[in-house]
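K.L.:
Based on what follows, work out the 3D shape:
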Amino acid sequence: MDRIVAAVGARDRDDLVELWSSLTTGGDPLHRCVAAHHLADMYDDPADALVWDERALSAADGIDARSLEQSAPGVQVTALYPSLHLNIADDLRQLASFDNAAAHLEKARAALSSLDELDPDHAPYVAMLRDLVDEIDVMVRARSTEVRTSRPSG
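P.N.:
Numbering: from 1, shown residues only. From the prediction side, this is the model:
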């Protein structure tokens, strides 16, 4: 995880891709999820970002709650899903796959309900996610493929 954090902090996509390669053969699903999630943000092309966002979601499905508690005490697997679905929805929206984007927005909204039980210190994060769901929803309804000004850039 330290290497992932260092690569993300340095915005070193090549190092993170190399690390991903080593994680794909039996690596911890949490590490794969985090690496892929951050790699997606390092690509400006929504098709490239979607590949990484889908990998992050797939890895999240393999995270064991007990293992997560050891790696990241206090973090629940369910807390990962709103952001993962939100990112996929935004990628799909930019690719003009509006119905699929709307479906992932609904999954993000449903997953947000699991965050209501989080520590009150996480309230700003939850509020930010809710705002992003609303922002992307407006863009989906408008059939906009424009890049959000709030999106991280590669």
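
K.L.:
how about the helices in this structure?
P.N.:
Here the chain has its helices, by DSSP state H, at 2-9, 13-23, 29-41, 46-61, 65-71, 81-94, 98-112, 123-141.

K.L.:
Pick the most buried one from the ones you listed.
P.N.:
With neighbours taken as mean count of other C-beta atoms under 10 Å, the helices of the chain reach their highest mean count in helix 81-94, at a mean of 24. Every residue, glycine included, has its C-beta placed from N, CA and C.

K.L.:
Residues in contact with the one helix or strand in the chain whose mean pLDDT sits lowest: which ones?
P.N.:
One helix or strand of the chain scores below all others by mean pLDDT, DSSP states H and E: helix 65-71, with a mean of 82. Contact with helix 65-71 is made by 1, 28-30, 75-77, as judged by C-beta atoms under 8 Å, 6 or more residues apart in numbering.

K.L.:
Quick one: buried ones out of those?
P.N.:
Buried by 16 or more other C-beta atoms under 10 Å: 28-30, 76-77, out of the contacts of helix 65-71.

K.L.:
Pick the one among the residues you listed closest to Ala103.
P.N.:
Closest approach to Ala103 among these (C-beta to C-beta): Val77, at 20.8 Å.

K.L.:
Surely the closest one touches Ile63?
P.N.:
Yes. The criterion here is C-beta atoms under 8 Å, and Val77 meets it with Ile63 at 5.0 Å.

K.L.:
Skipping adjacent residues, who's closest to the most centrally placed residue in the chain in space?
P.N.:
Geometric centre of the chain, nearest residue: Leu84, 3.2 Å, by C-alpha atoms, centre = their mean. Excluding its sequence neighbours, the residue lying closest to Leu84 (C-beta to C-beta, 6 or more residues apart in numbering) is Leu57, at 4.6 Å.

K.L.:
Would you mind measuring from that neighbour to Glu135?
P.N.:
Applying C-beta to C-beta, to the nearest Å, the value for Leu57 to Glu135 is 20 Å.

K.L.:
and if you look at Thr24?
P.N.:
Distance, Thr24 to Glu135, using C-beta to C-beta: 33 Å.

K.L.:
circling back: now the helices of the chain as CSV including distance to Arg148?
P.N.:
Shown next, in CSV, are those (distance: least, C-beta to C-beta, whole Å):
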stretch, distance to Arg148
helix 2-9, 20
helix 13-23, 20
helix 29-41, 12
helix 46-61, 11
helix 65-71, 29
helix 81-94, 7
helix 98-112, 12
helix 123-141, 7
